[in-house]
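In: Here is a sequence with its predicted model. Questions after.
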Amino acid sequence: KLVIGGDEDEEYHENGLIRTLRKVIKISNEYDGEKLRTTKNGIRYWTPMLIVFLTIGTTDVMFAFDSIPAIFGLTKDPFLVFTSNVFALLGLQQLYFLLGALLDKLVYLPVGLSVVLGFIGVKLIMEALHGNTLPFINGGEGIHWVPEVPTWLSLAVIVVAIGGASLASVAKMKSMNKVEKA
């Protein structure tokens with residue numbers, strides 16, 4: 001989806017999880033200042049601020065969950081895997097929001113990210129085949145003709161893909177600015 005893009009629907013559609021939450025608990029449609037709970041006509045309601053808090057909390061978890069395959073694409077060292085996920089939980093999503101603001105300018109970044117994700121997926125499959133223990137694949141023995149991808153190559157692919165996409169985006173931006181000025 002990163003490569004081909006998608007229909008960017010600007011119209012708001014309420015998430016299914018939020019619709020279900022609205023059926024389970026009473027949530028008002030209006031904020032009441034900074035309050036989490038409010039009372040209308042003697043009935044207690046949660047304000048949409050509850051949804052905001054849940055969204056922020058689940059975003060942290062999703063960023064940590066998203067970083068798991070990325071770090072396993074680089075190392076199997078338990079300390080590095082653990083600390084990378086701790087840092088993802090501690091707030092590296094701010095980097096995502098920074099990139100989100102730059103996405104309009106970095107038009108080729110989704111292509112670079114899809115190359116990195118594709119490479120990491122292939123690398124993880126190759127590592128799984130090399131250390132195979134599944135009895136229905138090669139009798140449970142590792143497939144030794146599958147090459148092991150070294151860490152330096154993984155880092156090189158990541159740097160070239162992201163750096164190349166960023167440089168191509170900047171070059172396109174500059175060429176578009178020249179066309180607009182002419």
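Out: Right, received. Where do you want to start?

In: chain center to stretch 45-52: distance?
Out: Chain-centre distance of stretch 45-52: 25 Å, with CA atoms, centre = their mean, to the nearest Å.

In: which residues in this structure form strands?
Out: For the chain, the strands defined by DSSP state E occupy 37-40, 43-46.

In: Now mean neighbour count, distance to Asn177 and mean pLDDT too, for those strands, in CSV please.
Out: Placement of C-beta: from N, CA and C, glycine included. Converted to CSV, the strands of the chain look like this (neighbours: other CB atoms under 10 Å; distance: least, CB to CB, whole Å; pLDDT from 0 to 100):
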stretch, mean neighbour count, distance to Asn177, mean pLDDT
strand 37-40, 13, 49, 90
strand 43-46, 14, 47, 90
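
In: What about Glu180, how many residues nearby?
Out: Around Glu180 there are 7 other residues, counting by other CB atoms under 10 Å.

In: give the contact list for it.
Out: Shown in contact with Glu180 (CB atoms under 8 Å, 6 or more residues apart in numbering): no residues.

In: do Lys123 as well
Out: Contacts of Lys123 (CB under 8 Å, 6+ apart): 73, 149, 154.

In: what's the closest non-adjacent residue to the last one?
Out: Taking CB to CB, 6 or more residues apart in numbering, and ignoring the residues beside it in sequence, Ser154 has Leu74 as its nearest neighbour in space, at 5.4 Å.

In: Fine by me, we can end here.
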